[in-house]
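Asks: please find the sequence and the predicted model below.
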Amino acid sequence: MGGSEVNAKLAASMDPETDIHIRDHLLYELARDLSSSLELREVLGKVMERVIGLMHAARGFIVLVDPDTGAMSVEMAGGEADPEKSRSFLGSKTVIEQVVRTGRAVVSTDASLDDRFKGQQSVILQNLRSIIAVPLVTKGKVIGAVYVDNPFRAAIFEEKDKEFLQAIADLAAIAIDNARQYSRSEFLRHLFELHVNKQVTDYVLARSDLNRPFLLGERRQVTMLNSDIAGFSTLSQSMRAEELVEFLNRYFSRMIDIVLDHGGNIDKFQGDGMLVVFGAPNAMEDHADRAFRAAQSMVREVELLNRELIEGGKPTIAIGIGLDTGDVVAGHVGSNKRLEFTLIGVPVNNSAYLSKVRPPRVLLSETTRDALSAGVLVVDYEPMLLKGAAQPQAIYQYVLEIEVSPES
């Protein structure tokens, strides 16, 4: 016999004053138990377990109202309810519908003889006897009901049992509403992260509040990576609209995985281009190494993609990647109607400039080369006049062919 059943039997055997104290203690235990979880299924399971044990019910159901459609559905069943039928309500639909509609509890000592339910099919077919159903109410709105019954015994529920079950339901309604709100917020957070990198999502949520929607700019030492598909304008004109979108999604899905695997933050997409930062909003010591390894992986992945394109009889692609290291300012830009977390600084422009050099290749500024760990293989490229420089700067190139594989 479970602890909750023991407590319930003790409560039943006590005098009224002691009974009240025990039930208050049991409600306190339930409130503490429900506050430990924000997962809806777990909350419903805890409520159902306590209800069955405390009410001496043969079975129980928690029915919730869909907030969008208003439809009712069984979300949790307990006791002798068949798990295979747990989505079907096995009690009195009339009672449940009445409770949800009116927001008032119903108790019947013998439903088969109750004038309120005479002629109701569910009561007749199941020979329902003792029934209690109470509404789940939060913020003045009925969100469902808790129903318990005993098809075999009459007169096992009293008025005080209805009041006790309502007290349980009031606690449950708060917990259910909290769990639903949490589930909704997690959905919105996930949806937000589809549009904004998780790093930025966490960064913004951790630093923003009602009194400070704008994030003050923070200076960061970063490495910017900008990628660009060579000749994409011409390529796109030869594709139908749906082919173009399918191709870009296929291409970006691979590039995005690589960037995220290396800890990068995708600042924005610009047509076929992608601007990525390593070192913001979260600072990192090895931002240059991470950016360089991401560029290597991107080049290799394009080689694999091109093999697939050739097999499908489609033209191949080549990408230009530019890397530059330096200071940027990270923060919100916009107004109280539209904000965007963005990066401002010379490395943003320089990485974009290097990515558009043709023929396309992976080019690094001198500051990026100097920030890389020892032993990274790059070759000299022709000097270029980068933004903010008074004279041409040394530029370096990563060449895939200079790598030596372990097997060679």
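Replies: Nice, thanks for sending it over.

Asks: show me the contacts for residue 350.
Replies: 224, 322, 324, 326, 365, 386-387 (CB atoms under 8 Å, 6 or more residues apart in numbering). C-betas here are computed from N, CA, C, even on glycine.

Asks: next: residue 33.
Replies: Neighbours of residue 33 in contact, by CB under 8 Å, 6+ apart: 46, 50.

Asks: repeat that with 6 Å
Replies: residue 46 (CB atoms under 6 Å, 6 or more residues apart in numbering).

Asks: return the backbone torsion pair for it.
Replies: phi -70, psi -40 (degrees, to the nearest 10).

Asks: with residue 284 instead?
Replies: According to degrees, to the nearest 10, residue 284 has phi -150, psi 140.

Asks: I'd like to know how far it sits from residue 350.
Replies: 20 Å (CB to CB, to the nearest Å).

Asks: same question, residue 219
Replies: Separation of residue 219 from residue 350 (CB to CB) stands at 17 Å.

Asks: next one: residue 309
Replies: Distance from residue 309 to residue 350, by CB to CB: 30 Å.

Asks: same question for residue 70.
Replies: 57 Å.

Asks: identify the residue nearest residue 388 in space, chain neighbours excluded?
Replies: residue 346 (4.8 Å; CB to CB, 6 or more residues apart in numbering).

Asks: now do residue 239
Replies: Nearest non-adjacent residue to residue 239 (CB to CB, 6+ apart): residue 247, at 6.6 Å.

Asks: name the element that neighbour belongs to?
Replies: For residue 247, the host element (DSSP states H and E) is helix 241-261.

Asks: and the next helix or strand past that helix?
Replies: The element immediately downstream of helix 241-261 (helix or strand, assigned by DSSP H and E) is strand 265-270.

Asks: helices and strands around that next one, which ones?
Replies: For strand 265-270, the elements it packs on are strand 273-278, judged by 3 or more CB pairs under 6 Å, 6 or more residues apart in numbering; DSSP states H and E.

Asks: quick one, the strand it packs on and strand 265-270 angle?
Replies: 170 degrees (axes from the mean of the first three to the mean of the last three CA atoms, to 10 degrees).

Asks: quick one: contacts of strand 273-278?
Replies: 222-228, 259, 264-268, 287, 290-291, 343.

Asks: longest helix anywhere in this structure?
Replies: Longest helix in the chain, counting residues (DSSP state H): helix 159-195.

Asks: state the distance from the residue nearest to residue 239 to residue 312.
Replies: Here residue 247 is placed at a distance of 11 Å from residue 312 (CB to CB).
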